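**Q** sequence and predicted structure, then a few things I'm wondering about:
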2 protein chains.
Amino acid sequence: MPRIPNQSDAFTAIAEPGRRRVLGALARDEGRDVTGLVQELGWPQPRVSKSLGVLRRAGLVTVERRGRRRVYRVNGGRLRSVYDWVRHFERFWESQLERVRARAERIERESRSARESHNPLKGEHDDNGHRERNHPHD
Amino acid sequence: MPRIPNQSDAFTAIAEPGRRRVLGALARDEGRDVTGLVQELGWPQPRVSKSLGVLRRAGLVTVERRGRRRVYRVNGGRLRSVYDWVRHFERFWESQLERVRARAERIERESRSARESHNPLKGEHDDNGHRERNHPHD
DNA sequence: ACAATATATCCTCAATCAGGCATATGTCAA
DNA sequence: TTGACATATGCCTGATTGAGGATATATTGT
């Protein structure tokens, strides 16, 4: 039985770029209703609601009923658990030396794009396939 | 076309508990080879290698060839991008007031477990389905 | 009670993913 | 070179996922 990463886990919840966008939007204001998010994001309402649902079940946001509206807010507590986890690796970027060494190692790079290539050429030309965004602040 | 969250995205890479374990194991020492991880984690080797592959493509770890061994190390730079993103939400847990308010709102809780219930009872008995670990430091 | 508004949930589909296992590739030692 | 060791990759499968669209549920105003 594969896959346990329940969507109600904070890490899984923020793995999706769209949901990160939602959190970002929520963070800008102090509480926002679904309609507001729909307008800001330009997404169909069901999609927004579903993203909010995942975030809600992950405990990353809270809801307050205001009449027919529902005001969503960022729930810091949960995000903090992610923060704390990442924080454990702080020492790996704190020292400049670390970065230098890491960079030196990156020279003799790792595997190529993984899916493509499969290039049977002798010299295994390492390449990381750097096509991702390095700052997923979506 | 659904699903874009490429595995070579740092957030997606750390979404999987197993991969978080690997990172944790790597963080304990200063460089570790696959065999070492296999022993520490008790996983079949292919699984370890595959986890490392994802982390590698996400730029979260680096490899250094040492003979037939491959020494993996945590790459702080990438983890930092996650750190920075989460950090933007710092104000949501910094103030105790925030937490108090959030807690007050949590009282009138959100949706029930999502999958189950569907209880047509009038009074919507909110429940967050708090069955996840709140500290995924796996 | 009815219509309109606001939001959540259901269903289906295509794509992705993790895990298991077998196997390929690479490297060292004799 | 041969064989053992170390690691990566390919394939298959069951399960999960996100998106889209339709629809259900709730709430307010008249």
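**A** Yes, it's here.

**Q** per-residue pLDDT, residue A:95?
**A** pLDDT, residue A:95: 70.

**Q** oh, that last question was meant for residue A:35, not what I typed.
**A** 96.

**Q** go on, residue A:7?
**A** The confidence metric pLDDT takes the value 71 at residue A:7.

**Q** repeat that for residue A:109.
**A** So, for residue A:109, pLDDT stands at 42.

**Q** average pLDDT for stretch A:41-57?
**A** Stretch A:41-57 carries an average pLDDT of 97.

**Q** is any part of it close to DNA strand C?
**A** Yes. Judged by C-beta under 7 Å from any atom of the strand, stretch A:41-57 comes into contact with DNA strand C at A:45-46, A:48-50, A:52-53. For glycine as for every other residue, the C-beta is placed from the backbone atoms N, C-alpha and C.

**Q** same list, those, but only the ones touching DNA strand D.
**A** Counting by C-beta under 7 Å from any atom of the strand, A:46, A:50 from the residues of stretch A:41-57 next to DNA strand C sit close to DNA strand D.

**Q** TSV for the residues of stretch A:41-57 next to DNA strand C, including secondary structure and neighbour count?
**A** TSV is the format used below for the residues of stretch A:41-57 next to DNA strand C (DSSP: H, G, I helix; E, B strand; the rest coil; neighbours: other C-beta atoms under 10 Å in any protein chain shown):
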residue	secondary structure	neighbour count
A:45	helix	11
A:46	helix	9
A:48	helix	23
A:49	helix	15
A:50	helix	14
A:52	helix	24
A:53	helix	15
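
**Q** tell me the one of the residues of stretch A:41-57 next to DNA strand C nearest residue B:79?
**A** residue A:52 (27.3 Å; C-beta to C-beta).

**Q** contacting residues for the closest one?
**A** Residues in contact with residue A:52 (C-beta atoms under 8 Å, 6 or more residues apart in numbering or on different chains) are A:22, A:34, A:37, A:61, A:63, A:72.
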